[in-house]
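*Asks:* Generate coordinates for the sequence data below:
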Amino acid sequence: MTATAIPILDLEPEIDALWDEFSDAFQRVLRSGQFIKGPELDAFEREVADYLGTKHAIGVNSGTDALVVGLRALGIGPGDEVVTTPFSFFATAESISAVGATPVFADIDARTFNLDPDTVEPLVTERTAAVMPVHLYGGPAAIGPVLEIAERHGLAIIEDCAQSFGARFVDAAGGDGMATWHGKRTGTVGAVGAYSFFPSKNLGAFGDAGLVTTDDDALAEHMRKLRAHGALKKYHNEEVGYNSRLDALQAAFLRVKLPHIGDQNAGRRRVAETYNRLLADVEGVVAPAVVPGHVFHQYTVRILGGKRDAAAAALKAQGIQTMIYYPVPQHRLPVYDHLASDCPVSDQLAGEVLSLPIWPQLDEATIRHIAGALAEAVR
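*Replies:* As a prediction, the model looks like this:
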């Protein structure tokens with residue numbers, strides 16, 4: 001292996017493989033003269049709804065807007081609280097604050113990086129309106145216990161699926177008692193699912209784009225209204241909404257990628273399984289579990305013993321890019337200092353997590369090189 005730089009993500013193999021289809025889609029939209037809404041968006045919404053197994057899929061212009069539109073449609077606003085994870089990108093909590101509600105941070109499970117359901121229920125108050133689990137790194141959160149808590153307290157669930165397109169919930173118990181959510185894709189179990197098509201995502205656009213999903217007809221109509229300035233009929237605005245329509249060009253590109261998402265996600269799982277095999281006996285490195293349904297948007301290990309930053313520096317010196325998702329959990333951000341949240345597991349993992357390069361076409365020789373460099377760095 002040479003000292004050639006290894007990025008955290010390489011989109012070039014996918015773009016090269018689909019170049020002609022992207023070119024056809026680009027020219028089709030240009031010649032149509034319709035760049036906002038129209039047949040490309042309509043077709044994408046039908047196709048992605050069918051893939052996800054949801055009744056309604058509504059394109060919006062970002063994952064953040066998907067969360068905001070979903071929260072607004074659920075009627076969540078000032079005076080309400082939404083329980084969520086601190087271990088996520090800021091848009092998760094920001095969306096709750098943006099609608100005037102208050103994020104309440106529960107802690108996470110160190111094995112999955114996702115919400116620990118045992119820490120959710122003690123935070124439920126008479127002001128709690130919803131729970132917002134995040135399927136971080138592409139791994140489905142423990143949805144069964146969250147559904148039970150929501151049912152006991154009459155709460156809505158809005159799933160943040162920004163990193164989990166294509167992931168499925170799998171009921172490990174199996175047998176005749178299989179849970180009703182077994183086999184469903186993330187974003188189709190709660191009242192609302194919110195997706196991001198940021199370019200680095202498993203299904204990524206060539207710019208900002210997002211999607212909200214629901215099986216509820218009334219919620220779907222409200223979300224369609226909110227994305228278009230609060231109007232279902234042009235110049236008949238019924239409430240204050242957003243300019244949040246998904247462009248026809250992005251919809252056309254996403255239609256090219258969607259039929260390949262199964263292979264793309266399978267490629268990511270192959271990379272994760274290879275990393276896990278190579279790192280299994282490396283002391284001080286905790287590899288993530290390759291559980292059924294996980295789509296590995298990120299491959300993130302824990303580096304124990306206070307060696308994370310030194311390990312990242314050692315890999316950087318060899319031209320291997322790594323990332324830290326996330327160095328500051330949301331409850332420690334200055335904007336949320338006043339909430340005085342107590343999330344010790346999130347605090348600990350923020351100092352341990354390190355994401356390694358992953359993309360579907362990453363070859364085994366490169367994976368071996370990266371794993372070997374990491375093993376040497378933590379020795």
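*Asks:* Report the buried residues of stretch 212-220.
*Replies:* 212-215, 219-220 (16 or more other CB atoms under 10 Å). Just so you know, the C-beta spots here come from the backbone N, C-alpha and C atoms, and that holds for glycine as well.
*Asks:* Using PDB, write out the CA atom coordinates for the helix or strand encompassing Gln27.
*Replies:* If you go by DSSP states H and E, Gln27 is part of helix 19-32. Provided in PDB are the C-alpha atoms of helix 19-32 (Å, rounded to 0.1, in the frame of the first residue of the first chain):
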ATOM      1  CA  TRP A  19     -22.500   8.600 -15.300                       C
ATOM      2  CA  ASP A  20     -24.700   7.900 -18.400                       C
ATOM      3  CA  GLU A  21     -27.900   7.600 -16.400                       C
ATOM      4  CA  PHE A  22     -27.100  10.900 -14.600                       C
ATOM      5  CA  SER A  23     -26.400  12.600 -17.900                       C
ATOM      6  CA  ASP A  24     -29.700  11.400 -19.300                       C
ATOM      7  CA  ALA A  25     -31.600  12.600 -16.200                       C
ATOM      8  CA  PHE A  26     -29.900  16.000 -16.300                       C
ATOM      9  CA  GLN A  27     -30.800  16.500 -20.000                       C
ATOM     10  CA  ARG A  28     -34.300  15.200 -19.400                       C
ATOM     11  CA  VAL A  29     -35.000  17.900 -16.700                       C
ATOM     12  CA  LEU A  30     -33.300  20.600 -18.700                       C
ATOM     13  CA  ARG A  31     -35.400  19.900 -21.800                       C
ATOM     14  CA  SER A  32     -38.600  19.700 -19.700                       C
END
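*Asks:* Now do the buried residues in whichever helix or strand comes after it.
*Replies:* Following helix 19-32 in sequence order, the next helix or strand is helix 39-52 (DSSP H and E). By neighbour count with 16+ other CB under 10 Å, helix 39-52 contains the buried residues 40-41, 44-45, 47-49, 51-52.
*Asks:* Name all residues that make contact with Pro13.
*Replies:* Residues in contact with Pro13 (CB atoms under 8 Å, 6 or more residues apart in numbering) are 359-361.
*Asks:* Check Glu238 too.
*Replies:* By CB under 8 Å, 6+ apart, Glu238 lies in contact with 225, 230-232.
*Asks:* can you do 10 Å?
*Replies:* Counting by CB atoms under 10 Å, 6 or more residues apart in numbering, Glu238 touches 222, 225, 229-232.
*Asks:* Return the subset of those lying in helices.
*Replies:* Mapping the contacts of Glu238 onto helices (DSSP state H) picks out 222, 225.
*Asks:* Mind checking which of the contacts of Glu238 are buried?
*Replies:* Buried among the contacts of Glu238 by 16+ other CB under 10 Å: 222, 225, 229-231.
*Asks:* Could you export these as a markdown table, including pLDDT?
*Replies:* Shown next, in a markdown table, are the buried ones among the contacts of Glu238 (pLDDT from 0 to 100):
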| residue | pLDDT |
| --- | --- |
| His222 | 98 |
| Lys225 | 98 |
| His229 | 96 |
| Gly230 | 96 |
| Ala231 | 96 |
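*Asks:* would you turn these into JSON lines with distance to Pro145?
*Replies:* JSON lines is the format used below for the buried ones among the contacts of Glu238 (distance: CB to CB, whole Å):
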{"residue": "His222", "distance to Pro145": "28"}
{"residue": "Lys225", "distance to Pro145": "33"}
{"residue": "His229", "distance to Pro145": "39"}
{"residue": "Gly230", "distance to Pro145": "36"}
{"residue": "Ala231", "distance to Pro145": "39"}
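*Asks:* tell me the two of those residues that are most distant?
*Replies:* Taking CB to CB, the two most distant members of those are His222 and His229; they sit 13.4 Å apart.
*Asks:* Residues that sit against both of those two, list them.
*Replies:* Contacts common to His222 and His229, judged by CB under 10 Å, 6+ apart, are 238-239, 241.
*Asks:* And these, which is closest to Ala162?
*Replies:* Using CB to CB, Gly241 is the member of the shared contacts of His222 and His229 that lies nearest Ala162, at 21.4 Å.
*Asks:* gap between the nearest residue to that closest one once chain neighbours are set aside and Ala179?
*Replies:* In space, Gly241 comes closest to Gly230 once its chain neighbours are excluded; the distance is 3.3 Å by CB to CB, 6 or more residues apart in numbering. Distance, Gly230 to Ala179, by CB to CB, to the nearest Å: 38 Å.
*Asks:* Also Leu258?
*Replies:* With CB to CB as the criterion, Leu258 and Ala179 are 27 Å apart.
*Asks:* Kindly report the same for Tyr195.
*Replies:* Look at Tyr195 and Ala179: by CB to CB, they are 23 Å apart.
*Asks:* Out of the two, name the residue with the larger neighbour count.
*Replies:* Per other CB atoms under 10 Å, whichever of Tyr195 and Ala179 has more neighbours is Tyr195, with 30 against 17.
*Asks:* what are the bridge partners for that one, then?
*Replies:* Using DSSP bridges, the beta-bridge partners of Tyr195 come out as Leu211.
*Asks:* If I look at it, what pLDDT would I see?
*Replies:* Per-residue pLDDT puts Tyr195 at 98.
*Asks:* Test my guess that it contacts Leu52.
*Replies:* Yes: assessed by CB atoms under 10 Å, Tyr195 is found in contact with Leu52 at 8.6 Å.
*Asks:* what residues do these two have in common as contacts?
*Replies:* In contact with both Tyr195 and Leu52: 161, 165, 186-187, 211, 213, using CB under 10 Å, 6+ apart.
*Asks:* between the residues you listed, which has the most around it?
*Replies:* Among the shared contacts of Tyr195 and Leu52, the one with the most neighbours (other CB under 10 Å) is Cys161, at 33 neighbours.
*Asks:* so His294 touches Ala141, yeah?
*Replies:* No: between His294 and Ala141 there is no contact under CB under 10 Å: 11.2 Å.
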